[in-house]
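1. this is the structure alone, sequence omitted:
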C-alpha cells in the first residue's frame, strides 16, 4: 500500500499545484484579450447592447411585482421537480429499506410547497390575464 506512505502536508502538494495552476491559467486567459487585442474605444461601443436596439430608459427601472411572483412560481416548480424525480425513481428501494418514512417525508415536503402555491394564488401569481 504505497499510498499510505504519503502523510502530512507533502500529500497535498499536487493539489496545491493544481489549484495554483488553475487560478493562474484563469487570470492569464481572462487578461489575454486585454493584452493582445486592439483597443479602439468609442461612443457606440460604450452603449448598452439590447438585442440590436437602441437602449431606452435607464438600467434602474422598477419591475412589476408580478415579475417576482412568476419567478417565485418557477422556483417552486423547479424545486419540486428536482427533489421529487429522484425520490420517485428510488421509491421502491427506499420503502423496502426505511418503510413508510420516505413517503411521509415527501408528503410533508409537498404540503410545504402547497403553502407556497396558496400564497401565489392569493397574490395573483397564477392569473395570467
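-> Okay, I see it. Here the structure is a predicted model, which is why all the values come from computation and not from measurement.
2. alpha carbons only for contacts and neighbour counts from here, please
-> Will do.
3. ok, residue 80 to residue 71 distance?
-> From residue 80 over to residue 71 the distance is 14 Å, taken as CA to CA, to the nearest Å.
4. next secondary structure after the lowest-mean-pLDDT helix or strand in the chain?
-> Ranking every helix and strand in the chain by mean pLDDT, DSSP states H and E puts helix 43-46 at the bottom, with a mean of 76. Following helix 43-46 in sequence order, the next helix or strand is helix 65-89 (DSSP states H and E).
5. can you list the buried residues in that following helix?
-> Across helix 65-89, burial judged by 16 or more other CA atoms under 10 Å covers 69-70, 72-73, 76, 87.
6. wait, what's in contact with residue 125?
-> 66, 69-70, 73 (CA atoms under 8 Å, 6 or more residues apart in numbering).
7. widest-spaced pair of those residues?
-> Taking CA to CA, the two most distant members of these are 66 and 73; they sit 10.4 Å apart.
8. how is the protein divided into domains?
-> 8-37, 65-123 (automatic domain parsing).
9. and of those domains, who's closest to residue 48?
-> Here domain 8-37 is closest among these (CA to CA), at 19.7 Å.
10. list the buried residues of that closest one.
-> Per 16+ other CA under 10 Å, domain 8-37 contains no buried residues.
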